[in-house]
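> sequence and predicted structure below; questions after.
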Amino acid sequence: MKYFFSLFLLFMFSFGHAQTVQSPSGTLALNFKLVGNGQPAYSVNYKKKTVVLESLLGIKLKEKPDLDTNFEILTSKTSSFSESWKPVLGEQTSIQNQYNELNVSLINKESKVKMNIIFRVFDEGVAFRYDFPRQAELNYFIISDEVTQFNLTENNKVFWIPGDFDSNEYEYNETKFSEIDNSKINMNNGIGVKSIPGKYMVQTPLMMKAPSGLYLNIFEAAVVNYPVMHLNADVTNYKLKAELVPNAIGDKAYLQTPCVSPWRTIMISDDARDIVASKMILNLNEPSKLDDTSWIKPMKYVGIWWEMHVGNSTWDYAGSQNATNFADAPKASGKHGATTENTKRYIDFAAKNGFGGVLVEGWNVGWEDWNGNWKEEVFDFTTPYPDFDIAAISAYAKAKNVQMIMHHETSGSVSNYERHLDRAFDLMKKHEYPAVKTGYVGKIIPRGEFHDGQSMVNHFNFVVRRAADYKIMINSHESSRPTGYGRTYPNYIAAEAARGNEFNAWSVGNPPMHETILPFTRQLGGPMDYTPGIFEIKMSYYDKNKTEQVHTTLAKQLALYVTMYSPLQMAADLLENYEKYPDAFQFIKDVETDWDESKYLEAEPGDYVTVARKTKGKETWFLGAITDENARKAEIKLDFLTKGMKYKAIIYEDAKDADWKNNPIAYKIRTIVVTSKSKIKLNLAPGGGTAISFEPIQ
């Protein structure tokens, strides 16, 4: 159900005339006017208090007159919209999309170029975009800069990572706005390719908390045929300016009218749960373009992956593991992980424990020499190593009712991948692979391009669209972060695009607060393939000389299956580690991946998140609660459960002496009977968590 109606139409405003559009509830108000020499500007009020000061808008063009001053208003129209739509997979069965819109049509008095600015005001935030209509005065054009500002009122607490054009795999910094400074970051962080253009450049989504207690989040939605937006911070005056990622020759975007920019978004609330639960980013994307989505299905999977990260096996056939040993005919070392025999072992485990898929990395030739040298002709994505019988493995998996997940590491050689893409997808269809995990480690080819530039955004979106033609699901790693494109192409089932669990195996790792921030940042744009479920927390288990470890308790690893939403969830640890802890592993076997509804019960960025989710089409619920480095106690009302029903609650929690650093595997499991009137006390260890399954008692 949806409706859309125009409220009023006004013509020929004087350029100083201010206009206001409010959210459906009236809590938020966006004000627009032309200031100075016909410069577009906006401000935002929350509960009648200014939270975004007057901020300039506009676009600068290459070799054409800029579109940032000398405007007058041609028309201004407001309208309202409301609909309820159903995602193919998601945190809830139905999503409400309701906003009021202001569409301002501008004309540059000198060049006569027309540009519209469209504002949408939701109850949880505001969004705006630039719209360039078809016109004789503007056809092809190149964007050299975006003027867009976000001028804030206070020295907010900010959760930020550097505005790196090539990587979003940083741990978050929690500082005051005035303390943003990339020069103070420890760059010995496991990230291979770094491209930070300035001392005060930060990435979006940028999560903030004002001294007054107000929560703000600046992000973008529907990034299509446009570069990613980072933000340049004026740390003295609390101002932010949009910075678009350039291409190899310094230009930002090549466009042709009619066209639009991505939405720039500002979420605002005095309740952090409104931010983390918001579907505003999804709502700003176009509806699904796929008529048939029956083949898009959630999945839990295991895989030949973590064993390489901990050093038990290698991606490459020759066993070098350094990715730069060229060999015409590499010889088997016995260390290769992706063998037929090993893969069948994973298939057997998946079949026995109810997992839908098995991922295999390192199955194809090329892993001996693929990284660090900007090499173009690397993988062909179709030729397996001699010890990986793809036909036999596929037949074995099918007989066990298990599906194989393909892996395509591109090493950043995008031109090479696009040349081979259709043949790679043909191979997948031949052997009935429903999904592929793509990877983009390394510098991008075409050389000089960045991961977050326009051409790479177009590539990531193209792969998703082309995969849809083959009815293949995409899980992208090292890509630009999602901005809701999964609504338009639901086969974009998941992405990494942030610092994942793997960094705990061989680097300084992810601090305990990391997973409490991701739901407020990275996950606003789409599901994350975080690869949780590590049970052997300390890497000294594999090598006594190793000091690396996962910065959580085992119980928190279970809770992440609920707090870190994804319809594609990996049980990432080694199979034998799950067999050692079968009682804890039972939660991973039981937890679902697709939901009827989700209730964010508690949330504070950098501190804690507690969420309960109801299984799609069933009466079972699952709860996940996580904390940062501080122990935490909480009492949770279970009023989300169906009234009048009894449930068996199986509680997986930290033991009394558990601690992420000193005693991470200490956990206990207890079972109680509860109803919607019950309360459960949570006792989370430092870096800990609690996972609960609620099964109805018939």
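Arrived safely, thanks for sending.
> can you map out the helices along the protein?
272-277, 280-283, 306-309, 340-353, 390-399, 414-430, 454-469, 485-488, 503-506, 514-517, 554-563, 575-580, 582-590 (DSSP state H).
> need the ones you listed in TSV with mean pLDDT, mean neighbour count and distance to residue 597, can you?
C-beta coordinates here come from the backbone N, C-alpha and C atoms, glycine included. Listed next are the helices of the chain as TSV, based on pLDDT from 0 to 100; neighbours: other C-beta atoms under 10 Å; distance: least, C-beta to C-beta, whole Å:
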stretch	mean pLDDT	mean neighbour count	distance to residue 597
helix 272-277	98	22	11
helix 280-283	98	25	15
helix 306-309	98	22	32
helix 340-353	98	18	27
helix 390-399	98	16	33
helix 414-430	98	17	34
helix 454-469	98	20	27
helix 485-488	98	24	18
helix 503-506	97	20	31
helix 514-517	98	24	22
helix 554-563	98	29	13
helix 575-580	98	15	29
helix 582-590	98	18	18
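> so which of those is nearest residue 19?
Closest approach to residue 19 among those is made by helix 280-283 (21.7 Å; C-beta to C-beta).
> can you redo the helices of the chain as CSV with distance to residue 238?
Formatted as CSV, the helices of the chain follow (distance: least, C-beta to C-beta, whole Å):
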stretch, distance to residue 238
helix 272-277, 19
helix 280-283, 23
helix 306-309, 40
helix 340-353, 51
helix 390-399, 55
helix 414-430, 38
helix 454-469, 29
helix 485-488, 31
helix 503-506, 31
helix 514-517, 21
helix 554-563, 31
helix 575-580, 47
helix 582-590, 44
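> nearest to residue 23 among those helices would be which one?
Among the helices of the chain, if distance is taken as C-beta to C-beta, the winner is helix 280-283, at 11.0 Å.
> between the helices of the chain, which one is nearest to residue 22?
So among these, helix 280-283 is nearest, using C-beta to C-beta, at 15.8 Å.
> where in the chain is pLDDT low?
Applying pLDDT under 70 to the chain flags residues 1-16.
> my guess is residue 390 contacts residue 363. True?
Yes. Using C-beta atoms under 8 Å, residue 390 makes contact with residue 363 at a distance of 7.3 Å.
> list residues touching both of those two?
By C-beta atoms under 8 Å, 6 or more residues apart in numbering, residue 390 and residue 363 have these common neighbours: residue 384.
> so residue 504 makes contact with residue 512?
No. The criterion here is C-beta under 8 Å, and residue 504 misses it with residue 512 at 11.0 Å.
> which residues are in contact with each of these two?
Contacts common to residue 504 and residue 512, judged by C-beta under 8 Å, 6+ apart, are residue 551.
> tell me, how many residues neighbour residue 694?
26 (other C-beta atoms under 10 Å).
> again, but for residue 601
What residue 601 shows, counting by other C-beta under 10 Å, is a neighbour count of 17.
> give me the nearest residue to it, chain neighbours excluded.
Excluding the flanking residues, the one nearest residue 601 by C-beta to C-beta, 6 or more residues apart in numbering is residue 610, at 4.5 Å.
> for the one you found, what are its contacts?
563, 600, 601, 602, 603, 623, 624, 625, 626, 634, 636, 682.
> how much space separates the nearest residue to the last one once chain neighbours are set aside from residue 622?
Closest residue to residue 682 apart from its sequence neighbours, by C-beta to C-beta, 6+ apart: residue 634 at 4.5 Å. Residue 634 is 17 Å from residue 622, where distance means C-beta to C-beta, to the nearest Å.
> re earlier: any idea what the residue nearest to residue 601 is bridged to?
residue 602, residue 625 (DSSP bridges).
> cool, and the one 5 residues further on?
Partner residues in beta bridges with residue 615: residue 595, with DSSP bridges as the criterion.
> these two touch, right, it and residue 595?
Yes. Under the criterion of C-beta under 8 Å, residue 615 makes contact with residue 595 at 6.7 Å.
> who has more neighbours, these two?
Per other C-beta under 10 Å, whichever of residue 615 and residue 595 has more neighbours is residue 595, with 24 against 19.
> can you give me the strands for the stretch 251-400 of the chain?
253-256, 259-260, 263-269, 299-304, 357-360 (DSSP state E, counting those that start in this stretch).
> do the stretch 551-698 of the chain as well
So, for the stretch 551-698 of the chain - with DSSP E, counting those that start in this stretch - the strands run 568-570, 595-604, 608-615, 621-627, 632-637, 647-654, 667-674, 679-684, 689-696.
> turn the ones you listed into JSON lines, columns for distance to residue 208.
Output for the strands of the stretch 551-698 of the chain, formatted as JSON lines (distance: least, C-beta to C-beta, whole Å):
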{"stretch": "strand 568-570", "distance to residue 208": "30"}
{"stretch": "strand 595-604", "distance to residue 208": "13"}
{"stretch": "strand 608-615", "distance to residue 208": "17"}
{"stretch": "strand 621-627", "distance to residue 208": "21"}
{"stretch": "strand 632-637", "distance to residue 208": "22"}
{"stretch": "strand 647-654", "distance to residue 208": "30"}
{"stretch": "strand 667-674", "distance to residue 208": "35"}
{"stretch": "strand 679-684", "distance to residue 208": "25"}
{"stretch": "strand 689-696", "distance to residue 208": "25"}
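> which among those strands is found nearest to residue 124?
Taking the strands of the stretch 551-698 of the chain one by one with C-beta to C-beta, strand 595-604 is closest: 12.4 Å.
> how much space separates residue 183 from residue 227?
Noted for residue 183: a distance of 24 Å to residue 227, by C-beta to C-beta.
> swap that for residue 191, sorry
Noted for residue 191: a distance of 20 Å to residue 227, by C-beta to C-beta.
> neighbour count: the two, which is higher?
The neighbour comparison of residue 191 against residue 227 (other C-beta under 10 Å) goes to residue 227, with 27 against 17.
> let me see the contact set for that one.
With C-beta under 8 Å, 6+ apart, residue 227 has these contacts: 244, 245, 246, 247, 252, 253, 452, 453, 454, 457.
> residue contacts, residue 533?
Neighbours of residue 533 in contact, by C-beta under 8 Å, 6+ apart: 557, 558, 560, 561, 570, 571, 572, 573, 588.
> please disregard the earlier target; I meant residue 122.
Contacts of residue 122 (C-beta under 8 Å, 6+ apart): 23, 24, 28, 98, 99, 280, 283.
> contacting residues for the closest residue to residue 567 other than its chain neighbours?
When the adjacent residues along the chain are set aside, residue 567 lies closest to residue 298, with 3.7 Å between them (C-beta to C-beta, 6+ apart). Counting by C-beta under 8 Å, 6+ apart, residue 298 makes contact with 89, 493, 567, 568, 592, 593, 594.
> burial count for the fourth one?
Other residues near residue 568 number 26, with proximity taken as other C-beta under 10 Å.
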